[in-house]
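Undergrad: What follows is a protein structure lacking sequence information:
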């Protein structure tokens, strides 16, 4: 499904201009970046920098990775998207309002830090997350960059893009949908972080880097199903990238770093095992999902699913209007988010709730403020109210209260009680 929105899953090689042999400085002028042209040997999927013998200039070939700008290739991309497996519409999800709200708030403000969804098996956790694909907004990226670099934010730029912009070069920019990348439980560390081709480095004098899933997920969503079953070494990788916003690959004395800022979404069943506290704290919000008990609602869910399985295209078309309306609402909320204000008195009360609940660190305060502002933007307001805070604060704090790893995560009752005590 990630292939619907993001970079090609085919291997991508990036050759960075750092020869392993010495070259006089006077023979190396500034880089030239002619977009869409190739010089010398053709390099697939990325940026190629190759030193030619007998010439005093690097030649750079930039081929498209993240998006396509050729009209014919655009049409081909649309056709391939239509041939992909259909996704259940987000607007057709029955119930599970808490989970849906947490996901929407993270799309509106990615800095909230993602959401952890825990609940019974068969409650639509994975279906809901993957249905978010249709609602993801478009962002501006540098064409041909495998890291989906932001042309205006240095923190989200790859090294090559930043160097080009510092030199005053004009890079092609286009709009593309936010990526959603699935992280399989059986993925290897090389597939997640990316690999360095040592053989090419030794034989050709260049660093060859094949980006992994973290590169593809930059400025997008990284989804881990059954996250509580993820291997410890992959959890360490996620913790490192989530903390710094950068992924660094070290091998045989060669080091390559690239931006890896993503919304981390995880889902799982608490009966199958708990998450490490360090990783749990990295999720901005926590949603609990329960089995629907109302018989009429259960029948409706079964009937809707049967309709989708019988004719996915017709079912999706029946929800097209609602989907478009939700897309417009999300786009409007993202545009107006910076104008939303929260009173100083409300900020103080949020921090007082966190302090009296003995929440470690300040991440709970920050996330609650961001989530309340995102909810106000979603409702079309420019001021946060106490009601907004009451809606989001249980999801922002309850997974941060546990001091004993053997304790279960609070249902939110403690947070709500403390909220009304402080805000009354």
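TA: Happy to help now that I have it. In this text the structure is predicted, and so the values were computed from the model without any measurement.
Undergrad: Quick check: which ranges of the stretch 1-150 of the chain have low pLDDT?
TA: 1-84 (pLDDT under 70).
Undergrad: Which residue, other than its chain neighbours, is closest to residue 196?
TA: Nearest non-adjacent residue to residue 196, counting by Cβ to Cβ, 6 or more residues apart in numbering: residue 251, 4.8 Å away. Using the backbone N, CA and C atoms, a C-beta is placed for each residue, glycine as well.
Undergrad: State the distance from that neighbour to residue 171.
TA: 29 Å (Cβ to Cβ, to the nearest Å).
Undergrad: Out of the two, name the residue with the larger neighbour count.
TA: Using other Cβ atoms under 10 Å as the criterion, residue 251 and residue 171 rank with residue 171 on top: 17 against 14.
Undergrad: can you pull the contacts of the nearest residue to the more buried one once chain neighbours are set aside?
TA: Excluding the flanking residues, the one nearest residue 171 by Cβ to Cβ, 6+ apart is residue 142, at 5.1 Å. Counting by Cβ atoms under 8 Å, 6 or more residues apart in numbering, residue 142 touches 66, 149, 150, 151, 157, 161, 171, 172, 173.
Undergrad: Let me see the backbone angles for residue 142.
TA: phi -80, psi 120 (degrees, to the nearest 10).
Undergrad: ditto for residue 224
TA: Per-residue torsions, residue 224: phi -120, psi 110 (degrees, to the nearest 10).
Undergrad: go on, residue 187?
TA: According to degrees, to the nearest 10, residue 187 has phi -70, psi 140.
Undergrad: That one is in contact with residue 233, isn't it?
TA: No - taking contacts as Cβ atoms under 8 Å, residue 187 lies outside contact range of residue 233: 10.7 Å.
Undergrad: Could you check which of the two has the larger neighbour count?
TA: Neighbours per residue (other Cβ under 10 Å) separate residue 187 from residue 233, with residue 187 holding more: 18 against 10.
Undergrad: so how far is residue 212 from the more buried one?
TA: Counting by Cβ to Cβ - residue 187 and residue 212 are separated by 9 Å.
Undergrad: And for residue 101?
TA: 31 Å.
Undergrad: Comparing these two, which residue is more hemmed in?
TA: residue 212 (24 against 20).
Undergrad: Excluding chain neighbours, what is closest to that one?
TA: residue 194 (3.7 Å).
Undergrad: how far away is the one you found from residue 346?
TA: Distance check for residue 194 against residue 346: by Cβ to Cβ, it reads 43 Å.
Undergrad: Who are the contact partners of the closest residue to residue 339 other than its chain neighbours?
TA: Excluding the flanking residues, the one nearest residue 339 by Cβ to Cβ, 6+ apart is residue 382, at 5.2 Å. Residues near residue 382 by Cβ under 8 Å, 6+ apart: 336, 339, 340, 341, 376.
Undergrad: same thing but 7 Å
TA: For residue 382, the contact set (Cβ atoms under 7 Å, 6 or more residues apart in numbering) comprises 336, 339, 340, 341.
Undergrad: what about the third one, distance to residue 377?
TA: Taking Cβ to Cβ as the measure, residue 340 falls 5 Å from residue 377.
Undergrad: Compare those two and say which one has the larger neighbour count.
TA: Ranked by neighbour count (other Cβ under 10 Å), residue 340 and residue 377 place residue 377 first, with 26 against 20.
Undergrad: How is that one assigned, secondary-structure-wise?
TA: Put simply, residue 377 is helix when judged by DSSP: H, G, I helix; E, B strand; the rest coil.
Undergrad: Touching, it and residue 336? I think so.
TA: Yes - under the criterion of Cβ atoms under 7 Å, residue 377 makes contact with residue 336 at 5.1 Å.
Undergrad: Assign the spatially most central residue of the chain to helix, strand or coil.
TA: Nearest residue to the geometric centre of the chain (Cα atoms, centre = their mean): residue 221, 2.0 Å. Recorded secondary structure, residue 221: strand (three-state DSSP).
Undergrad: and the nearest residue to residue 119 once chain neighbours are set aside, how many neighbours?
TA: Once flanking residues are discounted, residue 119 sits nearest to residue 289: 2.9 Å by Cβ to Cβ, 6+ apart. By other Cβ under 10 Å, 19 other residues sit near residue 289.
Undergrad: Check residue 85 too.
TA: For residue 85, the count of nearby residues is 8 (other Cβ under 10 Å).
Undergrad: ok, now residue 94?
TA: By other Cβ under 10 Å, 15 other residues sit near residue 94.
Undergrad: helix or strand for it, which one?
TA: Under the assignment given by DSSP states H and E, residue 94 is not contained in any helix or strand.
Undergrad: Identify the residues contacting residue 185.
TA: If a contact means Cβ under 7 Å, 6+ apart, then residue 185 has 226, 229, 230 as its contacts.
Undergrad: Give me the distance between the second one and residue 268.
TA: Counting by Cβ to Cβ, the gap from residue 229 to residue 268 is 7 Å.
Undergrad: and those two? which has more neighbours close in?
TA: residue 268 (22 against 13).
Undergrad: The residue nearest to the more buried one when sequence neighbours are not counted: what's it in contact with?
TA: Counting by Cβ to Cβ, 6+ apart, residue 228 is the residue found nearest to residue 268 once chain neighbours are left out, at 4.1 Å. By Cβ under 7 Å, 6+ apart, the contact set of residue 228 is 268, 272, 273, 274, 275.
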